[in-house]
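Trainee: just coords:
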């Protein structure tokens, strides 16, 4: 029983990180109408940027390093858009998808050139977990939950109450009508990149804090995010959020039954099953941004 | 009427989609506070002219003059801030946004939150059913209610000229009468309306003037009452509904 509860908690922690990845991926889809395969590399870049700031010679605190990582990843995403996606704005989504795959491979290899292929970890001291009844949570994990929940809450406030947030939702709902009322699509696209990249950076840092860093860490997380997006119904922000948590839970509960080596296969199975039977998602598009 | 200055004048406009020419040498004028109706068979370019006026299609030749200013090559936002707005014939609401958010988006370029709030209140006064459902997503509205919401959204910027694309499309006769009566009331509040309609007869009954388009060209124009009585217009263009015009 305590093993089950512990897996539930671990699943929730992992899921809250996946949710950050998935929400960004689905926001990009909602406005630009393609699945950005380079989203995983934004996650990876977030983790490595934070690592860069935490290690000597800079030696900054984890929170300041995380903040710097967000700024770095936002710049990277805007650069990607300006140099590759913007010239392809009116191209079909297959072309955009292939372009994003190219960017993904480029940055994976660039990271390998800079930091090498070895697995790295953040320089956190080992800390004793805190016992909460039958389950144990480490201070880092507690921070992960708090920061992920905070990021989602901020996203909710942004989308629901700010003029820019409403403009994003209106463009993903009905771009022609948004344009009719004077919403400038390019500005909205820039906002969406900023939001998606920030969430990817935060998620990437949290993921690296929970596990470790390596140049190809984006790929498996893209798969998880994609599975979460499909679960929630493509383009549906709150669906993607729940989808992320479901993927985290099913991975951690799945390994209670399956050998642990199959953990990464779970997200793939979810994708295959959804594409076969429910391509419109489990949650449908009844609520959320779209 | 002729000695007044038109709020909108289209001078020799030729345009189309990609390489397909749809409109040829169109002339059209709208004076302040009048309802002008464009009628014509399918493929006459009725919806296209509204898109061109609103800046969704660049003109190939000719000019669009709004309130004395050549706006032919200016962006959509400029039209909105100068007092023009377009109500599309379909997909003219944001289905997953709440009704209140829909109205706020209609007033997106009204940057002062207090005036946006005041405008929203005015629209709620006009259409009390919207206030009752203001927290609901707009997709929960019926077809006719959606049309009225779309009109309400268009009024958020307090425009002087409203371009209405087929406001009666897909509505029941009762709902159609309700929408037309609102169009009339908005006109009585001093706004100019340029309307494209498939239900030509009902539209001409509330309009002051009308234009008949055919194959992307001006065919007839005149006082609405005169067009209603014209034997040729009557037999060729008022012969009853027909299918919806659906250009890309």
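Mentor: Structure's in. What do you need? Note that the coordinates shown come from a computational prediction; the quantities given were computed from them, not determined experimentally.
Trainee: all contacts plus neighbour counts: C-alpha atoms, from now on.
Mentor: OK.
Trainee: If we go by neighbour counts, what in stretch B:19-31 is buried?
Mentor: B:22-24, B:26-31 (16 or more other C-alpha atoms under 10 Å in any protein chain shown).
Trainee: Okay, domains of chain B per the record?
Mentor: Taking automatic domain parsing as the domain assignment, the record places the domains of chain B at B:1-81+B:161-240, B:84-158.
Trainee: List the residues that contact residue B:60.
Mentor: If a contact means C-alpha atoms under 8 Å, 6 or more residues apart in numbering or on different chains, then residue B:60 has B:13-16 as its contacts.
Trainee: from these, which is closest to chain A?
Mentor: Within the contacts of residue B:60, the smallest distance to chain A is 17.8 Å, found for residue B:16 (C-alpha to the nearest C-alpha).
Trainee: what ranges do the helices span in the chain?
Mentor: You didn't say which chain, so I picked chain A. Per DSSP state H, chain A carries helices over the ranges A:2-32, A:39-54, A:62-80, A:93-115, A:139-161, A:163-173, A:175-180, A:185-210, A:217-232, A:237-254, A:265-277.
Trainee: let's do chain B instead
Mentor: Under the criterion DSSP H, helices of chain B are mapped to B:46-54, B:76-82, B:99-106, B:113-126, B:128-132, B:143-155, B:173-188, B:200-206, B:224-229, B:231-237.
Trainee: okay, the ones you listed in TSV with distance to chain A next?
Mentor: Formatted as TSV, these follow (distance: least, C-alpha to the nearest C-alpha, whole Å):
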stretch	distance to chain A
helix B:46-54	8
helix B:76-82	4
helix B:99-106	6
helix B:113-126	10
helix B:128-132	19
helix B:143-155	8
helix B:173-188	19
helix B:200-206	24
helix B:224-229	29
helix B:231-237	30
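Trainee: Mean neighbour count, those helices: which tops it?
Mentor: For the helices of chain B, ranked by mean neighbour count under the definition mean count of other C-alpha atoms under 10 Å in any protein chain shown, the leader is helix B:99-106 at a mean of 26.
Trainee: Show me what it is packed against.
Mentor: For helix B:99-106, the helices and strands in contact under the criterion 3 or more C-alpha pairs under 8 Å, 6 or more residues apart in numbering or on different chains; DSSP states H and E are helix A:163-173, helix B:113-126, helix B:143-155.
Trainee: Contacts for it next, please.
Mentor: Contacting residues not belonging to helix B:99-106 are listed as A:166-167, A:170, A:178, A:181, B:93-94, B:116, B:120, B:130-131, B:133-138, B:149, B:152-157 [C-alpha under 8 Å, 6+ apart].
Trainee: Equivalent analysis for stretch A:83-94, please.
Mentor: Contact with stretch A:83-94 is made by A:33-34, A:96, A:99, as judged by C-alpha under 8 Å, 6+ apart.
Trainee: do that again at 7 Å, thanks
Mentor: The list of residues contacting stretch A:83-94 from outside it, by C-alpha atoms under 7 Å, 6 or more residues apart in numbering or on different chains, reads A:33-34, A:96.
Trainee: Repeat that for stretch B:127-143.
Mentor: For stretch B:127-143, the external contacting residues (C-alpha under 7 Å, 6+ apart) are B:94-100, B:124, B:171.
Trainee: give me that answer again for 6 Å
Mentor: Stretch B:127-143 is touched from outside by B:95-100, B:124, with contacts defined as C-alpha atoms under 6 Å, 6 or more residues apart in numbering or on different chains.
Trainee: can I get the helices of chain A in a markdown table with mean neighbour count?
Mentor: Formatted as a markdown table, the entries for the helices of chain A read as follows, by neighbours: other C-alpha atoms under 10 Å in any protein chain shown:
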| stretch | mean neighbour count |
| --- | --- |
| helix A:2-32 | 25 |
| helix A:39-54 | 27 |
| helix A:62-80 | 20 |
| helix A:93-115 | 16 |
| helix A:139-161 | 16 |
| helix A:163-173 | 23 |
| helix A:175-180 | 20 |
| helix A:185-210 | 24 |
| helix A:217-232 | 27 |
| helix A:237-254 | 26 |
| helix A:265-277 | 16 |
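Trainee: Tell me which of those helices sits nearest to residue B:58.
Mentor: Nearest to residue B:58 among those is helix A:175-180; the distance by C-alpha to C-alpha comes to 15.0 Å.
Trainee: re the thing from before, can the buried residues of stretch B:19-31 go into CSV with extra columns for pLDDT and distance to residue A:43?
Mentor: Supplementary listing: the buried residues of stretch B:19-31 in CSV, determined by pLDDT from 0 to 100; distance: C-alpha to C-alpha, whole Å:
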residue, pLDDT, distance to residue A:43
B:22, 94, 48
B:23, 94, 50
B:24, 94, 53
B:26, 94, 54
B:27, 95, 56
B:28, 95, 55
B:29, 96, 56
B:30, 97, 55
B:31, 96, 57
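Trainee: Identify the residue nearest the geometric centre of chain B.
Mentor: Chain B has residue B:164 as the residue nearest its centroid, 1.5 Å off, counting by C-alpha atoms, centre = their mean.
Trainee: Setting the sequence-adjacent residues aside, check what's closest to that residue.
Mentor: Leaving aside its chain neighbours, residue B:164 sits nearest to residue B:195 (4.6 Å; criterion: C-alpha to C-alpha, 6 or more residues apart in numbering or on different chains).
Trainee: wait, that neighbour sits on residue B:39?
Mentor: No - Residue B:195 sits out of contact with residue B:39 when judged by C-alpha atoms under 6 Å, with a separation of 8.7 Å.
Trainee: quick revisit: where is pLDDT lowest across the contacts of residue B:60?
Mentor: Scanning the contacts of residue B:60 for pLDDT, the low point is residue B:16. It has 92.
Trainee: For chain A, see how far away the nearest residue to that one once chain neighbours are set aside is.
Mentor: With C-alpha to C-alpha, 6+ apart as the criterion, residue B:16 has its nearest non-adjacent residue at 4.5 Å, and that residue is residue B:22. Look at residue B:22 and chain A: by C-alpha to the nearest C-alpha, to the nearest Å, they are 20 Å apart.
Trainee: remind me which residues of chain B are low pLDDT?
Mentor: Per-residue confidence of chain B (counting by pLDDT under 70) places the weak regions at B:1-3, B:239-248.
Trainee: what's the spacing between residue A:200 and residue B:62?
Mentor: Here the criterion is C-alpha to C-alpha, to the nearest Å. By it, residue A:200 lies 49 Å from residue B:62.
Trainee: Hmm, I typed the wrong one, I wanted residue B:46.
Mentor: When C-alpha to C-alpha is applied, the distance between residue B:46 and residue B:62 equals 17 Å.
Trainee: next one: residue A:26
Mentor: Distance, residue A:26 to residue B:62, using C-alpha to C-alpha: 43 Å.
Trainee: Next: residue B:88.
Mentor: According to C-alpha to C-alpha, residue B:88 and residue B:62 sit 24 Å apart.
Trainee: cool, and residue A:21?
Mentor: Taking C-alpha to C-alpha as the measure, residue A:21 and residue B:62 are separated by 50 Å.
Trainee: Please apply the same query to residue A:173.
Mentor: Using C-alpha to C-alpha, residue A:173 is found at 34 Å from residue B:62.
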